[in-house]
Each structure stands twice: as structure tokens, then as C-alpha cells.
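> Below are the sequence and a predicted model for it; my questions follow.
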Amino acid sequence: MSRQLSKQDQLGFARQLLILLQAGLALLNAIELIYKTAPKSWHTWLQNIHAQLKNGFSFSQCLRLDADLFSMELINLISVSERTGDIELALKTICEQLEAQIELRRKVQQALAYPVITLTTSLALVIVMMVWVVPVFKDVFAHFQAELPGPTRFLIQASSVLENYFLELGLGLVLSVVIFFCSWKKSVRLQRMCDRLSFRLPIIGPLLRLATLTYWCRTLGHLITSGLSLPDALRVTAQSSNHWLSHDFSAEVFKQLTRGWPLGEALTRADPKQILFDLETLQLLRIASESGSLDSMLCKRANILGSELSNRLNTLSQTLEPLLIVIVGIIIGSLVIILYLPIFNLGQIV
């Protein structure tokens with residue numbers, strides 16, 4: 001069994017549990033009922049939770065025993081609800097948070113799917129032409145008595161290299177990707193560097209930055225609304241972050257707060273170059289922290305940033321589609337023109 005539940009699975013579990021508790025079932029009975037209808041992949045950890053509940057453990061303690069299955073945000077929200085006695089509110093908050101995260105990821109994936117598919121298809125088409133089509137023209141050009149144009153010679157030489165070393169180049173590329181992926185999984189330093197560089201990517205970088213900031217504001221806002229103190233909420237936000245820049249930023253804000261700085265100044269000191277935060281968000285959070293409305297401001301700001309991200313993604317999709325068609329047309333058209341240049345020149349000579 002996989003040792004990590006997807007956000008969709010966590011949302012499904014939280015929804016089912018919320019519905020059963022609202023129907024009046026006790027927690028232990030709700031877990032038993034969920035077990036009867038759950039997928040087989042859930043059975044092991046549901047049995048563990050059920051057994052620990054019967055042994056007198058609290059629900060949050062049961063979840064912490066399988067902390068690699070559930071996000072720290074979910075566990076801490078349940079823990080806070082046990083102190084306040086309102087687990088249903090915590091589950092509602094968890095469902096809202098997970099739904100927002102899943103929807104945000106879906107929109108990003110949907111916006112990037114078309115460009116990735118188009119570029120991958122174009123690359124495959126170029127490789128097919130270089131490996132199978134260009135060599136045919138090479139044999140035809142061998143019978144020409146005239147010197148080939150420079151672009152055609154270069155294309156034929158590139159095709160010969162690709163044709164002769166196709167397997168070696170392919171294996172080298174696959175091996176490089178595997179080595180990088182393994183190094184990335186083991187090296188926190190490399191992960192941090194990649195996350196930092198991701199914000200500098202053209203077109204995609206600003207979208208990733210906006211998505212990360214949206215996630216940060218929504219997570220911190222929900223945690224504070226649920227009853228966590230600001231330092232504890234920052235700690236949980238750092239633990240549940242899926243981006244190292246956001247994690248390090250949360251940890252740095254926590255450090256500045258412990259040194260006695262107010263939140264507005266702590267945010268500025270943690271992100272002096274405004275790599276993650278925009279000026280408007282900084283000012284709004286500074287004002288909200290001074291007026292005592294930080295939790296509501298964080299949630300409102302997350303909604304505004306989420307709407308802005310959706311608009312940008314829609315604009316990007318509408319802009320990239322014709323642009324990519326033009327780019328693909330230029331690439332394929334250039335290859336065809338380069339291949340037919342010698343024939344054009346021969347016709348002029350005749």
C-alpha cells in the first residue's frame with residue numbers, strides 16, 4: 001500500500017467523516033462505516049485508526065501515528081478542534097482547503113497541458129523527420145552535381161548525427177533525467193535551488209509564484225481561524241508547504257516574530273526582495289495584523305489571488321494556443337524549405 005494519501009483521498013475521507021458525524025454517529029462508529037465502503041487501499045490505516053480509538057487515543061493522536069498519510073495541516077486542525085470541541089468545523093475547514101488546493105492544481109495542469117502536448121508532439125515530429133525523412137533527401141542530393149546550400153548541409157549533418165547515435169542520445173537523455181530525479185529526491189539543497197529558479201521561469205514563473213502565495217495565505221488563514229496562534233499556524237504552514245521557498249519564508253517569519261517584531265515588519269524582513277510577496281499583500285497583511293483581522297484578510301486575499309491566477313491561466317491558454325500553432329508551423333515549414341532549397345537552386349540553374 002502507498003504510504004501517502006493523495007489530496008483527493010484525504011478530501012474523500014474528510015467529506016465522508018463530516019457527513020456521518022453530522023448525521024449523529026459517534027466517531028468510532030463513523031470510522032467503522034467508512035471502512036465498510038472504503039477502497040481496499042484504505043483498509044490498513046482505517047483499521048489502525050479504529051484500533052487506536054478503541055485503546056483510548058484521541059483522533060489527532062491516531063492520525064499522527066500515520067503522519068506520512070495525512071498532511072500536518074489536517075492533523076493540527078483536528079487537534080485544535082479536540083480542544084474546542086467542534087470537530088465538524090475543523091472537517092469543514094479541511095474540506096474547503098483541500099477543495100481549493102485540488103481546484104488550483106487542476107487549473108494549472110489544464111492550462112499547461114495543451115502547451116506540453118503540442119511541444120512534445122512537435123519535437124517527436126521533428127525527430128521523425130530528422131531520422132527517416134532527411135536521409136531520403138540526402139540520397140537524392142548525392143546525385144546532384146551542384147554544391148548544397150549551407151542550411152541544407154547543416155540539416156543533413158545534424159540528421160546523420162541523430163541517425164547514427166539515436167540510441168546513445170536517447171539513453172543519455174533518459175539517464176540524465178533519472179540521475180537528476182534521484183538527486184532531486186535526496187538533495188534538499190537541489191530542491192531549494194529548483195524551487196527558487198522556478199519563480200524565474202518566463203511565463204510560468206509568475207504563475208507558480210501566484211499559486212504558492214495563494215496556498216500560503218489560504219493555509220495560514222484557515223489555521224488562524226480554527227484557533228491556532230500565529231506562531232503555531234506559521235509552523236504548521238511551513239510543515240505542510242509543498243514549496244521550499246514558502247517553507248523557508250514561513251520559518252523566517254516565525255523566527256522574526258520570536259525576536260519581538262510585529263507581523264508586518266517580520267514579513268518585510270523575511271522577504272526583503274519580495275520574491276514571494278507582492279507589495280499589496282504585504283501592506284494588507286500589515287494593516288490586518290494591527291487591526292486584529294488577520295485571519296479574515298488572509299482568506300479574502302487568498303480568494304482574490306486565486307481569482308487573479310484563474311484569469312491569468314485563462315488568458316495564457318487563449319494566447320498560447322494560436323502562438324504554439326504559429327511556432328510549430330514555422331519549425332516544420334523551415335525544415336521543408338531547407339530540404340527543398342537545393343531543388344529550387346537547381347531549377348534556377350537550369
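Structure's in. What do you need?

> Quick one: mean pLDDT for the helix or strand harbouring Val116?
Using DSSP states H and E, Val116 sits in helix 87-128. Helix 87-128 comes out with an average pLDDT of 84.

> from the chain's centre, how far out does that helix sit?
Taking CA atoms, centre = their mean, to the nearest Å, one finds the center of helix 87-128 at 8 Å from the center of the full chain.

> Let me know the helix or strand that Arg235 is in.
With DSSP H and E as criterion, Arg235 is part of helix 230-240.

> Tell me which residue is most central in the protein.
Central residue of the chain (CA atoms, centre = their mean): Arg105, 6.3 Å from the mean position.

> List the buried residues in the helix holding Arg235.
Leu230, Ala233, Leu234, Arg235, Val236, Thr237, Ala238, Gln239, Ser240 (16 or more other CB atoms under 10 Å). For glycine as for every other residue, the C-beta is placed from the backbone atoms N, C-alpha and C.

> Quick check: which of these has the minimum pLDDT.
Of all the buried residues of helix 230-240, Ser240 carries the smallest pLDDT score, 78.

> residues contacting His43?
Counting by CB atoms under 8 Å, 6 or more residues apart in numbering, His43 makes contact with Tyr35.

> quick one: which helix or strand includes it?
helix 40-54.

> can you list the weak-confidence ranges in the stretch 151-300 of the chain?
For the stretch 151-300 of the chain, no stretch has pLDDT under 70.

> would you list every one of the helices in it?
166-186, 188-198, 204-225, 230-240, 244-258, 263-270, 279-291, 294-349 (DSSP state H, counting those that start in this stretch).

> related to what we said a few turns ago, after the helix holding His43, next one along is what?
Counting by DSSP H and E, the next helix or strand C-terminal to helix 40-54 is helix 59-65.

> Hmm, Trp244 is touching Asp195, no?
Yes. If you go by CB atoms under 8 Å, Trp244 and Asp195 touch, sitting 4.4 Å apart.

> quick one: the nearest residue to Met72 once chain neighbours are set aside and Ser250, what's the gap?
Nearest non-adjacent residue to Met72, counting by CB to CB, 6 or more residues apart in numbering: Gln239, 4.1 Å away. The spacing between Gln239 and Ser250, counted by CB to CB, to the nearest Å, is 9 Å.

> cool, Leu285 as well?
From Leu285 to Ser250 the distance is 13 Å (CB to CB).

> before we move on, what about Ser160?
Going from Ser160 to Ser250 by CB to CB gives 54 Å.

> quick revisit: just the buried residues of the helix holding His43, please?
For helix 40-54, by 16+ other CB under 10 Å, it's Trp42, Trp45, Leu46, Ile49, His50, Gln52, Leu53.
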